[in-house]
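Asks: Okay, sequence plus prediction incoming.
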Amino acid sequence: MIRIVALTEAGARLGQQLQAQLRDSELWVKPKPFADKVQGAFTDGDALILICATGIAVRTLAPVLVSKHDDPPVLVLDEAGRFVIPLLSGHEGGANEWGREVSNLLAAELVITTAQPYLQPVYSVGMGCERGCPEEHLRELLMACLEQAGLSLGNIQSINSIDIKTDEVGLITLAESLDKPFQTWNAETLNTVDHLLNSHSDYVFKTVGVYGVAESAALIGSSKATDREAELVLVKQKTAKATCAIARSYPALG
């Protein structure tokens with residue numbers, strides 16, 4: 001359970017915004033008694049978003065801290081929603097990763113005070129196409145997808161597909177012309193990210209053994225680069241001849 005705690009009216013408005021976007025969350029506005037309520041939620045293992053000064057958060061939680069291996073994650077936000085600070089259990093409890101998700105929701109600045117702050121995401125492209133698809137067609141699709149995702153070619157680490165496309169000339173020449181690695185993955189590897197796909201195609205599965213080439217390949221390309229689970233930032237986009245998706249992952253902290 002996520003407990004969002006606000007102490008001011010401005011904080012309450014920010015809390016309402018977060019509650020609408022976060023599953024299994026509950027907003028507490030000026031709870032009384034404040035310390036008892038917050039300490040109780042923390043002790044019960046609830047993740048906390050405290051919209052207040054860091055000093056208040058520290059003084060409130062200090063009496064109930066156990067260890068970084070046992071304490072739930074805690075984020076502190078200013079009432080304007082400009083900054084997100086993972087306060088407790090940054091590594092072990094996942095507060096750093098969670099803070100990144102919340103900062104993305106708010107378009108806020110993530111302030112990580114643990115080792116290796118401000119990690120840059122690794123973006124990977126996944127593409128599928130019919131046999132003999134021209135490089136020009138693939139390039140146009142890729143550029144349209146990058147624009148839609150708000151990214152540039154400089155953000156992209158690799159172009160990925162299924163192993164039956166190892167000799168696909170259009171994909172090979174596209175990657176070479178963009179100076180990007182072209183990587184292919186077998187169906188067994190691609191199927192490990194089925195649970196992360198936005199869409200599943202039974203037709204594609206019957207044809208090549210995976211439920212989606214572009215999304216799966218993008219996810220695997222990104223996750224293999226960081227050894228971390230990836231997420232889709234642009235779901236499969238389709239033309240008459242090709243598909244394209246974009247995924248990202250973050251390097252491990254610490």
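Replies: Nice, I can see it.
Asks: what about the strands in the stretch 1-150 of the chain?
Replies: Assigned by DSSP state E, counting those that start in this stretch, the stretch 1-150 of the chain shows strands spanning 2-6, 25-29, 47-51, 74-77, 83-88, 109-110, 122-129.
Asks: Direction included, what does the shortest one pair up with?
Replies: Translated: strand 109-110. Note on strand 109-110: by DSSP bridges, its sheet partners are strand 83-88 (parallel).
Asks: Report the buried residues of the partner strand.
Replies: When burial is assessed from 16 or more other C-beta atoms under 10 Å, strand 83-88 yields the following buried residues: 84-88. Every C-beta, even on glycine, is put in place using the N, C-alpha and C of the backbone.
Asks: Against which helices or strands is the host helix or strand of Ala225 packed?
Replies: Assigned by DSSP states H and E, Ala225 falls within helix 213-226. When contacts are defined as 3 or more C-beta pairs under 8 Å, 6 or more residues apart in numbering; DSSP states H and E, helix 213-226 packs onto strand 122-129, strand 156-162, strand 182-185, helix 187-190, strand 231-238, strand 242-249.
Asks: for these, which one sits closest to Met1?
Replies: The closest of those to Met1 is strand 231-238. By C-beta to C-beta, the value is 22.6 Å.
Asks: and the angle for the closest one with helix 213-226?
Replies: Angle of strand 231-238 versus helix 213-226, following axes from the mean of the first three to the mean of the last three C-alpha atoms, to 10 degrees, is 150 degrees.
Asks: on contacts alone, who are the packing partners of strand 231-238?
Replies: So strand 231-238, by 3+ C-beta pairs under 8 Å, 6+ apart, packs with helix 135-149, helix 213-226, strand 242-249.
Asks: Buried residues of the longest one, list them for me.
Replies: The neighbour-count criterion (16+ other C-beta under 10 Å) identifies 135, 137-138, 141-142, 145-146, 149 as the buried residues of helix 135-149.
Asks: Ala247 bridge partners, please.
Replies: Counting by DSSP bridges, Ala247 is bridged to Ser124, Leu232.
Asks: quick one, what contacts it?
Replies: 123-124, 126, 215, 218-219, 221-223, 230-233 (C-beta atoms under 8 Å, 6 or more residues apart in numbering).
Asks: Poorly predicted segments of the stretch 151-254 of the chain, please.
Replies: By pLDDT under 70, the low-scoring segments of the stretch 151-254 of the chain are 252-254.
Asks: The helices and strands packed on helix 213-226: which one's closest to Phe34?
Replies: Short answer: strand 231-238, nearest of the helices and strands packed on helix 213-226 by C-beta to C-beta, at 35.2 Å.
Asks: what separates the closest one from the chain centre, distance-wise?
Replies: Centroid displacement of strand 231-238 relative to its chain, using C-alpha atoms, centre = their mean, to the nearest Å, is 12 Å.
Asks: now the angle from that strand to strand 242-249?
Replies: Computed by the same axes, to 10 degrees, the angle between strand 231-238 and strand 242-249 is 180 degrees.
Asks: Now do the buried residues in strand 231-238.
Replies: 231-237.
Asks: Can you add distance to Glu109 and give those residues back as a markdown table?
Replies: A markdown table is the format used below for the buried residues of strand 231-238 (distance: C-beta to C-beta, whole Å):
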| residue | distance to Glu109 |
| --- | --- |
| Glu231 | 20 |
| Leu232 | 24 |
| Val233 | 19 |
| Leu234 | 23 |
| Val235 | 27 |
| Lys236 | 31 |
| Gln237 | 30 |
